[in-house]
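Colleague: 3D, please:
(2 chains)
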Amino acid sequence: MPSTAAQIMQNVVLPGDPIPSHTGDDTTIKLGPGLTQDQDVITSMKAGVLNHLEGSNRWWVESNQQRYIPATGESVIGIVCGRLTEGFKVDIGAAQQALLPYLAFEGVTKKSRPNFLVGALVYARLSLANKDMEPELECVNPATGKADGFGELKGGFVFKCSLGLSRRFGPLLRYRVWVTSTNGCIPPNILVLIFVRPFRNTSLMDENTPILRFLAEQQIPFEITIGRNGRVWITSGSAKTTIMLANTLQNSEYLNERECREMVRKLMTMQ
Amino acid sequence: MTIRPDRRTEPTQLRPFSSSQNLLNRCDGSAQFQFDKTAVLVSITGPTEVKFRDEKLDRASLEVIVRPLTGLSSTKERVLENVMRSTFANVILTGLHPRTSIQIVAQVMKDDGCVSVGSAAINATTMALLDAGIPMNALVGSVTCMVGKEDGEILMDPTMEELSRARSIHTFAFDSASRTSVMMDENGGKGTSGGVVLYSESTGDFTEDEWWLYKA
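Modeller: Below is the predicted model:
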């Protein structure tokens, strides 16, 4: 068993593997995704990389999959499948369809309910996710009562990616990228990233996923919304650019930073 | 040193096996497992919507479909479906996804007539479940072995030629070696040194004592 923290950090585990947590002493440990407790032993139930956060003594398994398992607080992209008396039925790619109540919108009253057609795309937050219950969505930030970027996504293009890739796009989930005009007060050729939905960490410079930064550097205006359920919505000035961006993001999954940069450079010369 | 018909040198040696994951893009997980000229491709969908008829309130229902190399599925495939369902029901943590369905579809891709299709299907399913990220409490490994008619020698993963000299044929599935103590005591130490036996199928002429020996 590797002894140093750095080695444990990069530990690959398979289902059934015991986790070398300090079970003997009194410290509390927190188990995240992919781990389960069976009496005194903590075992992994997924294949992935075991992660450990020293300070709070958290352990979890970082793994990748296609099928979405709803979790409270995550933002997802759903497709409206039908209307019931109390809300919309929304397909979020999970085992069950989620319910989006008519009253879970900003400033909505019983008289002014949102009118989404079947097939509409919505960007929403999971307000309730429980394995025994049907998931529930809301299009409002519970902290502020504002829409904060949640709501219908009009136009654009949606593609599916693995849950791991959608997570690696960073904590920020929805943003617009455009280049300022030369007569604006901001100097020319400086990118302005408008964060439609403010989040704790507003950094596009995610170390794991430099692809968004590279695309932004190409000065193509685009808007992207990432659902944690592996759905990514993207729109830009033209269909050609949108498809190019979508393909680039999909192909970036198994590329490192240098390869991502090279791919973006090649695509730009082809345009 | 014995030399087996396909130039393997040890009775415990397996044919060259290989596995590749994530071959299909429209399901949640897939894998192919191959023992030389026997190959099975498995796709996993789930946890997904469940038919009302199959819905279980406290766990996911496991659906296994085995498709033969050619033609329609027959009793042989039904047997394997049942075997796989009961084997993996013990391993998949179905309680984590109640009222859903996990569908396992195994397609035989190559079959050279050895009885190892079942073993390959079980191994491929394990790999596909890993790929799909379905929570499990162990991995499953399966292998087929035979006992020779004349010498009583145990040969692992026999070929067609060797099978013609078989007295009995045994297929076992074990879970990964994390918990070994379950079988050890009750049979005078003849239990396995690996994992727990999840499935065993034997055909031919053998006694109970021999079975415990082969299993080890």
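Colleague: and chain A, which of its residues are near chain B?
Modeller: For chain A, the residues in contact with chain B (Cβ under 8 Å from any Cβ of the partner chain) are A:14-18, A:34, A:36, A:38, A:43, A:45-47, A:63-67, A:69, A:95-96, A:131-132. All C-beta spots, glycine's among them, are computed from the backbone N, C-alpha and C.
Colleague: Let's see which of those residues end up in strands.
Modeller: Among these, the members falling in strands (DSSP state E) are A:36, A:38, A:43.
Colleague: Buried only: go through these for me.
Modeller: Taking 16 or more other Cβ atoms under 10 Å in any protein chain shown as the criterion, what is buried in these is A:36, A:43.
Colleague: Just name the lowest-scoring one in the ones in strands among the residues of chain A next to chain B, pLDDT-wise.
Modeller: In terms of pLDDT, the lowest of these is residue A:38, showing 78.
Colleague: Go ahead and confirm it touches residue B:137.
Modeller: Yes. In this structure, residue A:38 is within contact of residue B:137 by Cβ atoms under 8 Å, at 7.5 Å.
Colleague: OK, now which residue of chain B is nearest to chain A?
Modeller: residue B:133 (3.0 Å; Cβ to the nearest Cβ).
Colleague: I'd guessed that residue sits against residue A:62; true?
Modeller: No. Here residue B:133 does not reach residue A:62: they are 11.2 Å apart, not a contact under Cβ under 8 Å.
Colleague: and chain B, which residues reach chain A?
Modeller: Residues of chain B lying near chain A (Cβ under 8 Å from any Cβ): B:27-29, B:45-50, B:93, B:96-101, B:130, B:132-133, B:135-139, B:175-176, B:178.
Colleague: repeat that for 6 Å
Modeller: Within reach of chain A by Cβ under 6 Å from any Cβ of the partner chain, chain B has these residues: B:28, B:47-49, B:93, B:98, B:100, B:130, B:133, B:135-139, B:176, B:178.
Colleague: From those, list the buried ones, please.
Modeller: B:28, B:47-48, B:93, B:98, B:100, B:130, B:133, B:135-139, B:176, B:178.
Colleague: Keep only those of the residues you listed that are in helices.
Modeller: residue B:130 (DSSP state H).
Colleague: Pull the most distant pair out of the buried ones among the residues of chain B next to chain A.
Modeller: The span of those, defined through Cβ to Cβ, is set by B:48 and B:178 at 28.6 Å.
Colleague: secondary structure class for the nearest residue to residue A:155 once chain neighbours are set aside?
Modeller: Counting by Cβ to Cβ, 6 or more residues apart in numbering or on different chains, residue A:155 lies nearest to residue A:235, which is 5.5 Å off, once chain neighbours are set aside. Classification of residue A:235 by DSSP: H, G, I helix; E, B strand; the rest coil places it in strand.
Colleague: dump the residue contacts of residue A:235.
Modeller: A:155-156, A:223 (Cβ atoms under 6 Å, 6 or more residues apart in numbering or on different chains).
Colleague: If we use 7 Å, what do you get?
Modeller: Contacts for residue A:235 (Cβ atoms under 7 Å, 6 or more residues apart in numbering or on different chains) come out as A:155-157, A:222-223, A:242.
Colleague: From chain B, how far off is residue A:78?
Modeller: Using Cβ to the nearest Cβ, to the nearest Å, residue A:78 is found at 15 Å from chain B.
Colleague: Can you check my assumption that that residue lies in a strand?
Modeller: Yes. Checked against three-state DSSP, residue A:78 lies within a strand.
Colleague: where does the closest residue to it other than its chain neighbours land in three-state SS?
Modeller: Nearest non-adjacent residue to residue A:78, counting by Cβ to Cβ, 6+ apart: residue A:90, 3.7 Å away. Classification of residue A:90 by three-state DSSP places it in strand.
Colleague: ends of stretch A:97-114, how far apart?
Modeller: Using Cα to Cα, to the nearest Å, the end-to-end distance of stretch A:97-114 comes to 19 Å.
Colleague: Buried residues in it, which are they?
Modeller: Quick answer for stretch A:97-114 (16+ other Cβ under 10 Å): A:97-102, A:104-106, A:114.
Colleague: Excluding chain neighbours, what is closest to residue B:91?
Modeller: In space, and not counting its chain neighbours, residue B:91 is closest to residue B:136: 5.1 Å by Cβ to Cβ, 6+ apart.
Colleague: got it, and residue B:37?
Modeller: The nearest residue in space to residue B:37 (Cβ to Cβ, 6+ apart) is residue B:112, at 3.8 Å.
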